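# predicted model and sequence follow; I will ask about them next.
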Amino acid sequence: MFSNKHLFSDVYDDYLLYAKKQQKLQSYTTMKYKFELHILPYFKDMYLEDITSKDILKWEEYILSLNFKNNQNTSLYYFLSGFFEFCKTFYNFDKKIISNVGNFKKKYEEKNFDFYNLKEFKKFIKYVDDEVYKQFFNLLYFTGMRTGEALALKFKDLKNGYLNVSKTINSHGKREIGTPKTMTSNRLIKIDFQLEKDLLNLKNIYKEKYSLSDDLFIFGGIKPLSPTTINRRKIKACEKANLRPITLHQFRHSHATLLLQKGIMVNEVSRRLGHSKTSTTLDIYSHTDLTQEKRVLRTLNKLRFNLLNKIRTKLNFILKRLFRLNSKKWSR
């Protein structure tokens with residue numbers, strides 16, 4: 001018998017054609033990767049018309065059992081919600097079944113905010129024994145660039161002491177070059193003289209293998225370095241240096257923290273990182289660290305000391321005056 005119902009997996013195939021036109025490549029690749037990992041397997045054999053709010057609730061319970069972070073849960077909810085928005089437009093589907101259930105309730109999470117201070121980074125970089133990888137870590141630490149942005153850099157992007165950040169390499173699926181995360185991620189980053197010199201010197205390493213061209217990747221030559229190999233090199237250097245390992249993204253945190261601790265204004269830090277708003281920078285880097293805590297304590301102690309000194313000075317002045325008045329009185 002002929003059915004008017006639509007299988008979830010068939011509708012998803014149509015949705016991919018639509019989403020690929022609507023979304024940036026990186027956003028599309030991330031959505032597809034996560035959708036096919038945590039959403040499609042759950043709903044694929046259901047008919048779209050048979051899905052109820054109860055099914056959404058059960059799916060959310062299943063996702064919660066995987067113990068993901070809040071951000072991961074939220075992104076999965078919006079991926080499914082976006083799919084149902086498509087279904088509403090093209091299949092006359094009632095999207096209320098998901099909005100009635102709502103997003104995941106956020107759970108308490110301790111912030112895993114780690115970074116290297118300058119002393120720790122100098123210790124780490126000393127044990128990175130390959131020049132290309134050494135400069136890759138130097139660039140992450142001294143520019144705060146995202147890993148994908150750094151890997152997509154070519155020598156033509158380095159000019160007059162500036163790096164032109166205008167592309168990134170997707171972290172999921174095929175490692176294709178796409179546009180950066182947001183409009184403000186397109187930016188020029190001024191780099192220090194030593195880093196500029198070290199990056200240009202990488203050409204000398206590549207000239208033995210390739211014909212020199214500004215179209216070579218700064219980190220890798222013909223093709224960019226592999227993130228897996230980068231991580232292996234990082235862990236090896238950490239072990240030799242006897243340092244706790246931090247993630248590649250935490251080198252970005254390290255750069256921002258370093259600048260903020262040195263008194264660089266938050267709007268400049270935000271621009272270098274490619275954040276769309278300074279409030280984003282403040283939200284991420286409002287953590288407390290000992291350097292800032294000590295600075296606060298010194299300031300408060302100084303204020304209190306100055307206040308006490310003022311009070312003492314005033315009291316001394318009053319006492320001296322009283323003493324003079326009494327001396328005059330008794331001398332009469």
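Nice, I can see it. Residues are numbered from 1 along each chain as shown.
# specify the local secondary structure of K310.
At K310 the chain is in helix, as set by DSSP: H, G, I helix; E, B strand; the rest coil.
# so what's L290 scoring on pLDDT?
Here, the pLDDT recorded for L290 equals 55.
# likewise for L153?
L153 is given a pLDDT of 96.
# cool, the one 4 residues further on as well?
Taken from the predicted model, the pLDDT recorded for D157 is 96.
# is it in contact with L151, as I believe?
No. Here D157 does not reach L151: they are 11.8 Å apart, not a contact under CB atoms under 8 Å. Heads up, the C-betas are built off the backbone N, CA and C, glycines and all.
# those two: which is more packed in?
Neighbour count, other CB atoms under 10 Å: between D157 and L151, L151 has more, with 25 against 19.
# for that one, give its distance to L248.
L151 is 10 Å from L248, where distance means CB to CB, to the nearest Å.
# overlap in contacts of those two?
Residues touching both L151 and L248 (CB atoms under 8 Å, 6 or more residues apart in numbering) are P227.
# what's the closest non-adjacent residue to the residue nearest the centre of the chain?
In the chain, the residue lying closest to the centroid (CA atoms, centre = their mean) is H249, at 6.0 Å. Residue nearest to H249 in three dimensions, not counting chain neighbours: T147, with 6.9 Å by CB to CB, 6 or more residues apart in numbering.
# and that neighbour, how many neighbours does it have?
T147 has 20 neighbours, counted by other CB under 10 Å.
# distance of it from N160?
Computed as CB to CB, the T147 to N160 distance reads 25 Å.
# try Y42
Counting by CB to CB, the gap from Y42 to N160 is 52 Å.
# which one's more surrounded, those two?
Set Y42 next to N160 and count neighbours by other CB under 10 Å: Y42 wins out with 15 against 7.
# helices of the stretch 101-250 of the chain, start to end?
118-125, 131-143, 147-151, 193-206, 227-241, 249-261 (DSSP state H, counting those that start in this stretch).
# contacting residues around the fifth one?
Yep, that's helix 227-241 we're talking about. Contacts to helix 227-241, defined as CB under 8 Å, 6+ apart, come from residues 123-130, 133, 136-137, 147, 151, 171, 244-245, 248.
# now these: which count as buried?
Buried members of the contacts of helix 227-241, scored by 16 or more other CB atoms under 10 Å, are K123, F124, I125, Y127, V128, Y133, F136, F137, T147, L151, L248.
# correct me if wrong: the last one contacts L140.
Read it as L248. Yes. Look at L248 against L140 with CB under 8 Å: they come within range, at 6.8 Å.
# joint contacts of the two?
Contact with both L248 and L140 is made by residues T147, according to CB under 8 Å, 6+ apart.
# which residues in the stretch 51-200 of the chain form strands?
Remark: strands assigned in the stretch 51-200 of the chain by DSSP state E, counting those that start in this stretch are 158-159, 162-165, 168-169, 177-178, 187-190.
# just checking: what are the partner strands of the first one?
Next to strand 158-159 in the sheet, as set by DSSP bridges, lie strand 162-165 (antiparallel).
# return the distance of the strand it pairs with from the chain's centre.
The gap between where strand 162-165 is centred and where its chain is centred comes out at 18 Å by CA atoms, centre = their mean, to the nearest Å.
# and if you look at stretch 273-283?
The chain centre lies 10 Å from the centre of stretch 273-283; the measure is CA atoms, centre = their mean.
# now the end-to-end length of it.
With CA to CA, to the nearest Å as the measure, stretch 273-283 spans 14 Å from end to end.
# now do the buried residues in that stretch.
L273, G274, H275, T281.
# list the contacts for the first one?
Contact partners of L273, counting by CB under 8 Å, 6+ apart, are G144, R252, H255, A256, T281.
# if we use 10 Å, what do you get?
143-146, 184-185, 187, 189, 252-253, 255-256, 259, 280-281, 284-285 (CB atoms under 10 Å, 6 or more residues apart in numbering).
# cool, the last one as well?
The neighbours of T281, taking CB under 10 Å, 6+ apart as the test, are A256, L260, V266, N267, E268, V269, S270, R271, R272, L273, H275.
# and the residues you listed as JSON lines, adding secondary structure and pLDDT?
Shown next, in JSON lines, are the contacts of T281 (DSSP: H, G, I helix; E, B strand; the rest coil; pLDDT from 0 to 100):
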{"residue": "A256", "secondary structure": "helix", "pLDDT": "92"}
{"residue": "L260", "secondary structure": "helix", "pLDDT": "88"}
{"residue": "V266", "secondary structure": "helix", "pLDDT": "88"}
{"residue": "N267", "secondary structure": "helix", "pLDDT": "90"}
{"residue": "E268", "secondary structure": "helix", "pLDDT": "92"}
{"residue": "V269", "secondary structure": "helix", "pLDDT": "90"}
{"residue": "S270", "secondary structure": "helix", "pLDDT": "91"}
{"residue": "R271", "secondary structure": "helix", "pLDDT": "92"}
{"residue": "R272", "secondary structure": "helix", "pLDDT": "93"}
{"residue": "L273", "secondary structure": "helix", "pLDDT": "91"}
{"residue": "H275", "secondary structure": "coil", "pLDDT": "88"}
